[in-house]
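Asker: Pasting a predicted model and its sequence here:
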Amino acid sequence: MPQYFTLEEATALLPTIRPILEQIITLRARLERTERDLVSLHWKARTNGHTDYSGSFGEGQETRSALMAEINAELVKIHELGVELKDPALGLIDFPSLRDGRVVYLCWRLGEAAIEYWHATDIGFAGRQPL
């Protein structure tokens, strides 16, 4: 059964959610750098038959796997709170809520001071409306 949040309940979760989102953003940035490094190593290895990059490539793959596991652990934390992460790059979160007898989302993005918007479940961020 889905969990529905009042504005007060959702607001009370923000201090818990902020550091998780910040960690996800940090980990994603590290993962993107690792991915770029792996691509670079791949191309170096293809164009240079004299240098062995296998050790560096293996280390990069291990780093990538570890970062993905850390990101997944943070995503589980978000999921266990009953909220929906809509865009990890922006830190965009939706809290399922009831408004006038229908399910909607209370919408919040990392960096916003408070939850001040909502939108229908089928419209998304572009259709946010002030509370």
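Answerer: Everything's here; your move. Keep in mind the model is a prediction, meaning the values are calculated, not measured. Residues are numbered from 1 along each chain as shown.
Asker: ok, longest helix in this protein?
Answerer: Ranked by residue count and defined by DSSP state H, the top helix of the chain is helix 7-47.
Asker: Mind giving me the packing neighbours of it?
Answerer: helix 54-80, strand 92-99, strand 102-109 (3 or more C-beta pairs under 8 Å, 6 or more residues apart in numbering; DSSP states H and E). Every residue, glycine included, has its C-beta placed from N, CA and C.
Asker: Is it possible to get a markdown table of the ones you listed that adds mean pLDDT, distance to residue 121 and mean neighbour count?
Answerer: Output for the helices and strands packed on helix 7-47, formatted as a markdown table (pLDDT from 0 to 100; distance: least, C-beta to C-beta, whole Å; neighbours: other C-beta atoms under 10 Å):
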| stretch | mean pLDDT | distance to residue 121 | mean neighbour count |
| --- | --- | --- | --- |
| helix 54-80 | 87 | 17 | 14 |
| strand 92-99 | 96 | 8 | 20 |
| strand 102-109 | 96 | 6 | 20 |
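Asker: Looking at these, spot the one closest to residue 2.
Answerer: Closest approach to residue 2 among the helices and strands packed on helix 7-47 (C-beta to C-beta): strand 92-99, 5.7 Å.
Asker: From the contact counts, what lies against that closest one?
Answerer: Packing partners of strand 92-99 (3+ C-beta pairs under 8 Å, 6+ apart): helix 7-47, strand 84-87, strand 102-109.
Asker: Return the distance of residue 58 relative to residue 36.
Answerer: 17 Å (C-beta to C-beta, to the nearest Å).
Asker: and residue 115, how many residues sit next to it?
Answerer: 21 (other C-beta atoms under 10 Å).
Asker: What of residue 16?
Answerer: 12.
Asker: How about the contacts made by the residue positioned nearest the centre of the chain?
Answerer: The residue lying closest to the centre of the chain (C-alpha atoms, centre = their mean) is residue 88, at 2.5 Å. Going by C-beta atoms under 8 Å, 6 or more residues apart in numbering, residue 88 touches 21, 24, 25, 28, 75.
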